[in-house]
Every structure is written in structure tokens, then in C-alpha cells.
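Quick one: sequence plus predicted model below, questions after.
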Amino acid sequence: MEYLVYISKFLYRIRWWLIIGTLSVTLLAIFVTKKMTKKYSVDCTIYTGIISGYSIEGDGTKDWSVAQNAMDNLINIILSEATLQKVCIRLYARCLINGNPNKDNEFISAYNYKKIYNHVRNSPQGPLILGMINKNNEDETVEKFTQLFNSNRDNYLYGLFHYNAEHFSFNALKNIKVEREGSSDLLHVTYVGNDRGIAYNTLLILSKEFVNEYRSIRYGETDKVIDYFKQALTSAGIDLHSQENDLTQYNISKRVINYTDETKEIAAINKEFELRNQDVLMSYNSSRAALKELEKQMDANTKHYITNAEFITKLKQVSDLQYKVSESEILPNSNNDEKQLTDYKNRLSKAKDELSGISDKYLKNQYTKQGIAKNDIVDNWLEELITFEKAKADLKVIEKARNDLNGKYTFFAPVGSTIKQKERSINFTEQNYLSLLKSYDDALMRKKNLEMTSASLKVLNPPSYPLISLSGVRKKIVIGAFLGSFLFIFGFFLLIEVLDQTLRDSVRTRRITGGKVLGSFPAKSIFKYRNYNETYSDIATKYLSSSISQFFNKKQQGMPYIVNMLSMEAGAGKSYISEQLVKYWNSIGLKAHKLTAGTDFNTASKEYILSTDIKDLYSICDEDVLIVEYAPLSNTVVPSFLLQQANINLIIARADKGWKTSDKITYNKLKDQIGNAPLYFYLNQASREEVESYTGMLPPYNYFRKRMYQLSHLALTEHSSLITPNQGSTDIDDNEEK
């Protein structure tokens, strides 16, 4: 609570600084902003459809990180230099086309039109730029301005955008604010300018130009990708078609219809011939062995028979016919039809019969030496011979088929390898073609999705032409100046309050010194309250007397009450306060006497330094109170016995003086000397408000001062009375109130 009162007093003390300083700065702000340019705010809302819009890509789910990135990209495109450059050129062209030097309109004010027109007219390229203006065709003018802008960096329009031209430069257009409304698809675009027409048209142009810029960027990327995949797809299709045609021509040239089935058929035929070859070979060997055995059993006549020319001729005929029959039966692709095969068989049967007839004609002996019938040997031999010829014919046919199969293997082996190689190449090209086709379809899908996204970019709330300027801008400046000056002054004095080591009041004295404060004595006023100096002194003296009297509770026999007056340095006011106390106590019947160092006793004497009792310095008479005024502690040391003997030790300190490090050291030594004896500070030359903290309200007692006194002590609901604490003790108060 004490610190709250202290703060209120602090504010009361610097009240004039706060009031005058704050009012001065506020009035200055009001004067400076008297001719402040009005500001006009224009805004619009754009629906993007990026977050909640339909997408033909993917499964319909939204990747929020991608969506957020897309929103950020869109905002950056709106505020990009390329977009703002187009806005600058079209806005400048529109203002020059539609401006009126005599009247404000919805495009530009007359003042700003004359300003920009005169500036361009007086420039080196002024005639060229003004000659490009077509009052009836804004797009044509914008196209010419764009060509001039991109021609070089020394032209007027390039400098208009890149320097600090008001309303048209990049730095001016960067003040456009684009914010996303929460997590929605909406973008809120705001622009504030001092020309309502320019501000309105700036957003009107921006709302169209950024869509074109967005489409140009996104479509440019996608169209390049589509062109690439289209060219690659065409090239891959040509390669695939060429390779397929090459494979077809190769199959035709090699007479291959179905390589796999044909090779399977050849393999099956080869297996069948392997089995037949084994059977025929066994039959051939068996017949040949049997023939040799039978020929051993023949006599000379029989052997002569088998070498007969007629027999050999007929045997050769049988062998040829047997070969043809075997060829027709064994080779499935033989050109002989069934009719011819039957003819061969009939001829073969006839030839066999004729061969048998020849053998019967030449046989003479019926039996051999071993007892076997000759006709049986010849018949058996002839039968085995026919079997042998058949096996021999079959073996020749199989050998011929083997050679044909070997030829087919030799033919089909490189053909198969080549076909496989061509098929692999076709398959690779086909996969590449399908991959490119998929990428091409994805790119087309992406383009369609971008078309849908661009189509969803709509200005939901178009910009409106502002009719009323922004209110409160000047008010905010004035309020800011008021609060800023108030806080600056308050902070400045608060910093001084914290750092300052001047004692000034009891709260600061207790905080700085760490000691107790008994009261304060007022400084003499030389202004408004100078007539009350004596009154204030009397009231403070009475309060000091009553405060000291409470320590008169212990008195030695034959000794007065002793009050020691101390100070850290000279000029603290000990003598004046002591004289006022002696005067007051004598006036009420107490016998008071004052001892002064240097007058009544010598502080440099041996008796003073070694004294253990006040009687060593002064002969006690019948005094009731003895005030001992010592020399400043910075120059001398008071004996400890004299300090401890006193009823109270008062350190008189000036409120307008600072507490130095030397004072702190001296005070600590003094506390060690005194021990348990009472030691208090008493502030001299204190302010009237500080004295009132102890004595109560001081005169004059008018209504305003009473209220201020109540507020300074936070007596917010105290009832104000016409009776004052010290009203009966002074007559001047009544006269003042009257």
C-alpha cells in the first residue's frame, strides 16, 4: 500500500511535465496532420478453388501440403514483379487515356492527372509516349507501351516502374496486401492509396492480369511438356511401325508363318524319325545277318542263281519299288498320292512274285548237304532279301529325311534368333511407345485440370469504387502521439526515479540507506506558499517534538533526556532544527539546552575523544532536555559512549542531497558504534508534500488542495470536512479560506 501511495505521489510530482509535455506533442501532431492526405481503401475477394475444387487427377483426395503450396504460389504470382509490371503499364495507359485535368473522375483525380501528364510531357521521350496514346483503344496503347518498356532500360516507362513514381512504381504497388481467409479457398486483396480512382483501377486491373499471368506460367510449362511427349510419341510410333514391317518382310522372305509351331512340328518329326531309324536299322542289320547265314548254306548252283543278270535286274526293280513305297509311307510330305502309292504296292507285289518265279526256275537240287530243302533255303533267302531291301530302302528314305531335317534346323536356327531379336526390339519400342503414350495422356490430363483450376479463379467480390476515405488515420496518429509522449515522459522520469540517489522523501531514504525515518522538516518556499513558511516550521517542530518525546522513557538519576543531533556533512540544518526544538520546549515550560560542537566543547580535545559520559563535556544543571549538536561525521568521530548514552540519535540529512558511497560507509560505522541505541534519519529541506506525510495536510485548506491531498494518499472515498487538523492552531488559515 505504501508503494501505491508513493507511485501516486510520484505521478503528482511530475504532473506538470506529463500534462504540458503530452499536450504539447499532441497539439504538434494535430497541427502537422492538419493537411494530411486522405487515404482510400479498395478490396476484393478472389475464389481460387484450389482447396475444395474438383480435380480430375488422382483419386479425388487432396494433399494439403500441395494445396498450401499452390495457394502460396498463387499469392506470389499476384505480387510478382511481372504481374505488377503489367498492372503498371495498363494503369498508366488508362490514366493517360481517361484523365481530365479539370475534373476528378473514376479513373484518376485532376490533380494527379496534371501531375503525371506534365511530368511525361516535359521528359525527353514525352512526345513519343503521348503519340502512342489511342483514346479509343486501350489495348493498342498498352501493346505499344509494352514494346517501349521492353526495348531498353533507358526509356521513360522502364524508369516509371523501377523508380519511386507514386502510384505506378513497383515499390508503390508492393503495398498491395494479399491474405488468405483462414483455411478457405478465398484470397482477400487490399490496396490503400491517396487517389480513389487509381486505387480502384489498380485492383480492377490486377484481378484480371494475375489470372492471365497464372495461365501463362502454368500453361507454358504444360504445353512444352505436351509438345515434347507428342514428338517423342510420333517418333516412337514410326519406329514401332517400321520394325513391325521389317519383321513381316523377314517372315515373308524366309517363308515363316509361325516359327514356334513350325519348330515344334520339326522337333516332333525328328523324334518320330529317330524311333523309325532305330527300328529300320535293327531290321536292316537283322536281315543282313540272316542273308549271310543263308548264303553260307547255299551250294554253287544257288549262288550262281543269285548272281544271275535276270535275277539281279528283277531284284533291282523290287528295290526301287520298295524305296518308292517306303518314301511314300515314311515321308508325310511326299508328293505321291494314295493312288500312286497303291500302284507302287501292286507293282512291288508283282515284282516279288516274278522274282520268286525266277528262283523256282533255276533250282535243281531239292536238298542241301545238310539235309535242308533247297527251295526252303531259297525261299527263306529270298524272303530275307526282300526284307533286307525293304529295310535298306527305309534306311535310305530316313537318311534322306534326316538330311532334310538337318537342313531345316540349319535354316530355322538363325531365323529364330533373328526373329527373337526383332521381337525384342519391337517389344522394347512398344513399351517405350506405351510409356510415352501414358505420359502424354497425363500431360493432357494435367492441362485439362489446369484449365479447370484457371476457370475456377473468379473474383467473388469485385473491387468497389471508394466514396469515403479511411477514417481514424489522423485520429490514430494523434492518439499515438498522445500515448507515446505520455509514456516517454513517464518512462524518462521513472528511470531517473530508479537511478537517482537523492534522498528526497522517506520512502526513498529507507530504500537507499536502509535506515528508519522519524520525520521531515519543510524547505522554505519562495513562491506561492511563502507566507506559510513560519507556520509550516512550527507544525513540523511540534511533530518532531512529539516524535522525540516518545523516546523519553528512560532517564538516569540527575541526568536530562539527551538528544544527539548528527549529520554526514556540514550544512544539513542541525543548528536550525535544534534551535526550533529548544525554542518550542522552552515555550511549553520544559528546560531545554543545546550543546554545540566547537562552541561548548572541543571535538579535537583529549577529553572529547576519551569521554565516556556527557558530564565530561558539560556540567549538568537542572535541564530537562539536553540537545547535543555534533560536528559532521565526515570530519570527526563521536565517542561510542556518548552515542549509546543518548535517548535518541537523529541524523539530519538534506532531502535535496544525494546519498554517496562515503555516506554509506560512515553510516555503517555509526551503526556499529551505537549498538542498540535508537538511531533515526530526519529529512531537512523536504517538500511540502513529504512533510504532509507526517504532519497531515498543511495550510491553506481550500477545496482543491483537500481533494488533491486525498487523491495523493488514495483516500478516494474519504468525506471532505471543513474542519482541518491544524485549523485551531493558526489564524491565517481562516483568513486564507475566507
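Cool, got the structure.

Which residue ranges of the chain form strands?
40-47, 177-180, 186-193, 458-461, 517-522, 561-566, 592-596, 625-629, 648-654, 679-686 (DSSP state E).

As TSV, these with mean neighbour count, mean pLDDT and distance to residue 76 would be great.
Glycine gets a C-beta too; all of them are placed from N, C-alpha and C. Output for the strands of the chain, formatted as TSV (neighbours: other Cβ atoms under 10 Å; pLDDT from 0 to 100; distance: least, Cβ to Cβ, whole Å):
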stretch	mean neighbour count	mean pLDDT	distance to residue 76
strand 40-47	18	89	14
strand 177-180	14	90	9
strand 186-193	19	90	12
strand 458-461	14	82	19
strand 517-522	24	90	68
strand 561-566	24	92	77
strand 592-596	19	91	87
strand 625-629	24	92	84
strand 648-654	24	92	69
strand 679-686	23	91	67
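
Relative to residue 233, which of the ones you listed is closest?
Among those, the nearest to residue 233 by Cβ to Cβ is strand 458-461 (35.1 Å).

Describe which strands that closest one pairs with in its sheet and in which direction.
Strand 458-461 sits in its sheet next to strand 40-47 (antiparallel), going by DSSP bridges.

mind putting the strands of the chain in JSON lines, distance to residue 420 included?
JSON lines is the format used below for those (distance: least, Cβ to Cβ, whole Å):
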{"stretch": "strand 40-47", "distance to residue 420": "60"}
{"stretch": "strand 177-180", "distance to residue 420": "61"}
{"stretch": "strand 186-193", "distance to residue 420": "61"}
{"stretch": "strand 458-461", "distance to residue 420": "59"}
{"stretch": "strand 517-522", "distance to residue 420": "114"}
{"stretch": "strand 561-566", "distance to residue 420": "122"}
{"stretch": "strand 592-596", "distance to residue 420": "134"}
{"stretch": "strand 625-629", "distance to residue 420": "130"}
{"stretch": "strand 648-654", "distance to residue 420": "116"}
{"stretch": "strand 679-686", "distance to residue 420": "116"}
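
Ok, which of those comes nearest residue 602?
Among the strands of the chain, if distance is taken as Cβ to Cβ, the winner is strand 592-596, at 11.3 Å.

how deep is the nearest residue to residue 246 once chain neighbours are set aside tucked in, by neighbour count?
Computed as Cβ to Cβ, 6 or more residues apart in numbering, the closest residue to residue 246 that is not its neighbour in sequence is residue 422, at 6.7 Å. Residue 422: 17 surrounding residues under other Cβ atoms under 10 Å.

can you check residue 392 too?
Should you count by other Cβ under 10 Å, residue 392 turns out to have 19 residues around it.

Please apply the same query to residue 440.
17.

same check, this time on residue 132
18.

Is it correct that it is in contact with residue 146?
No. Contact criterion Cβ atoms under 8 Å: residue 132 and residue 146 do not qualify, at 10.4 Å.

wait, the residue nearest to residue 246 sits on residue 250?
Yes. If you go by Cβ under 8 Å, residue 422 and residue 250 touch, sitting 6.7 Å apart.

shared neighbours, the two?
Among the neighbours of residue 422, none is also in contact with residue 250 (Cβ atoms under 8 Å, 6 or more residues apart in numbering).

Just the pLDDT for residue 20.
The confidence metric pLDDT takes the value 93 at residue 20.

Compute the number of surrounding residues for it.
The burial count for residue 20: 11, using other Cβ under 10 Å.

Same check on residue 457?
19.

What distance do you get for the residue nearest to residue 246 to residue 83?
Residue 422 sits 55 Å away from residue 83, going by Cβ to Cβ, to the nearest Å.

And residue 672, by the same measure?
81 Å.

Between those two, which has more neighbouring residues?
The neighbour count for residue 672 versus residue 83, taken as other Cβ under 10 Å, is higher for residue 83 (23 against 8).
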